[in-house]
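1. Structural data only, the sequence is not supplied:
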């Protein structure tokens, strides 16, 4: 009988929670967008998560008073890693199925590799990584050709795919800027995360109100499934996922922590088919294999030099 150490079991549990939490975000938006506009849905989710996380830290006696630099850092970083990374994703899912959104965002490491080379001063991609980039590009082109015209509830528009791809660029930009301009702070990582969620959530709410989303709220569509989806995105997709991911960065290898990039697109497609009644075509499965496989080539080479 195989026995795992307590640390290994904790790593496995945290990985499982990250996989499920971030993998279910797409189907969560599918339900939530039946009632709220994309930026209002994202903003309400993030603010609720940020307030609950900060309250938990305060109750645990670990709260530190943020300085002005901490607040400014959360505000500008929230533009990229919340307003764009999550708000653009929600906007795209108005015309993109959750499965397609999962595959497109699964290409984030590919965008990260190219951006780090062009703007971050990192090394030129290797031949193996160029192979991964080519495979990922083919996967995204296949998705675009397969869903180029919106003809029904289970189809996706090219414009929606561009919004979702913009969300990946927001995550990439925020990550690179954080590395280039690190903030020296006495705040713990979870408190910094809570401030980020609050700041970015407020920016999303402001964008939604300015865009007139409040007048388009469809309260008549509110039902238990929508409420549970919103609650799960706030607790699971924000608090649980971020907390577990930060824990993995400290207690596991980077390759292990970022392994969610392989799994999340598959979970997103499966939940879209199972809970959202979305059609899964052969082309979409092929695009998923190309994208996920390309991420494997990019990350495997990066962490095994």
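-> Ah, there it is. All figures in this text were calculated on a predicted structure; none of them were measured in a lab. Residues are numbered from 1 along each chain as shown.

2. What is the burial count for residue 24?
-> By other CB atoms under 10 Å, 24 other residues sit near residue 24. C-beta here means a position set from N, CA and C on the backbone, and glycine is covered the same way.

3. and it, what pLDDT?
-> Listed pLDDT for residue 24 reads 90.

4. what's the spacing between it and residue 33?
-> Computed as CB to CB, to the nearest Å, the residue 24 to residue 33 distance reads 15 Å.

5. cool, residue 266 as well?
-> Going from residue 266 to residue 33 by CB to CB gives 22 Å.

6. Show me the shaky parts of the stretch 151-300 of the chain.
-> Applying pLDDT under 70 to the stretch 151-300 of the chain picks out residues 151-156, 249, 253-259, 295, 298-300.

7. what's the offset of the helix or strand containing residue 178 from the middle of its chain?
-> Residue 178 is part of helix 158-180 when elements are defined by DSSP states H and E. Remark: helix 158-180 is offset 10 Å from the chain centroid, using CA atoms, centre = their mean, to the nearest Å.

8. Please identify the buried residues of that helix?
-> Buried residues in helix 158-180, counted by 16 or more other CB atoms under 10 Å: 160-161, 163-177.

9. now swap in stretch 184-194 and tell me
-> In stretch 184-194, counting by 16+ other CB under 10 Å, buried: 185, 187, 190, 191, 192, 193, 194.

10. In contact with the last one, which residues are there?
-> With contact set as CB atoms under 8 Å, 6 or more residues apart in numbering, residue 194 has these partners: 50, 51, 53, 54, 57.

11. Pipe those residues into TSV and attach distance to residue 242 per row.
-> Output for those, formatted as TSV (distance: CB to CB, whole Å):
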residue	distance to residue 242
50	10
51	14
53	8
54	13
57	13
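
12. can you list these in TSV and add secondary structure, neighbour count and distance to residue 92?
-> Output for these, formatted as TSV (DSSP: H, G, I helix; E, B strand; the rest coil; neighbours: other CB atoms under 10 Å; distance: CB to CB, whole Å):
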residue	secondary structure	neighbour count	distance to residue 92
50	helix	26	23
51	helix	15	26
53	helix	23	26
54	helix	19	29
57	helix	18	32
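
13. Contacts only, for residue 202.
-> Going by CB under 8 Å, 6+ apart, residue 202 touches 43, 47, 78.

14. any idea which of these is least confident?
-> For the contacts of residue 202, the pLDDT minimum is residue 78, 91.

15. Run a quick neighbour tally on it.
-> For residue 78, the count of nearby residues is 26 (other CB under 10 Å).

16. right, and it touches residue 200 too?
-> Yes. Between residue 78 and residue 200 there is a contact at 2.9 Å, judged by CB atoms under 8 Å.

17. Now do the strands in the stretch 151-300 of the chain.
-> Secondary structure of the stretch 151-300 of the chain (DSSP state E, counting those that start in this stretch): no strands located.

18. can you redo the contacts of residue 194 as a markdown table with pLDDT and distance to residue 209?
-> Below are the contacts of residue 194 laid out as a markdown table (pLDDT from 0 to 100; distance: CB to CB, whole Å):
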| residue | pLDDT | distance to residue 209 |
| --- | --- | --- |
| 50 | 93 | 18 |
| 51 | 94 | 19 |
| 53 | 91 | 24 |
| 54 | 92 | 23 |
| 57 | 92 | 28 |
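
19. Show me where the stretch 1-150 of the chain dips below the pLDDT cut-off.
-> 1-2, 4, 140, 143-150.

20. Where do the helices of it begin and end?
-> For the stretch 1-150 of the chain, the helices defined by DSSP state H, counting those that start in this stretch occupy 6-23, 25-32, 38-59, 68-78, 89-92, 98-105, 108-119, 127-146.

21. which other helices and strands contact the shortest one?
-> Spelled out, it's helix 89-92. The helices and strands touching helix 89-92, judged by 3 or more CB pairs under 8 Å, 6 or more residues apart in numbering; DSSP states H and E, are helix 25-32, helix 38-59, helix 98-105, helix 158-180.

22. quick one: the first one to chain centroid distance?
-> In this view, helix 25-32 has its centroid 12 Å away from the chain centroid, taken as CA atoms, centre = their mean.

23. what's in contact with it?
-> Contact with helix 25-32 is made by 38, 41, 45, 89-90, 93, 97-99, 101-102, 225-226, 229-230, 232-233, 237, 268, 271-272, 275-276, as judged by CB under 8 Å, 6+ apart.
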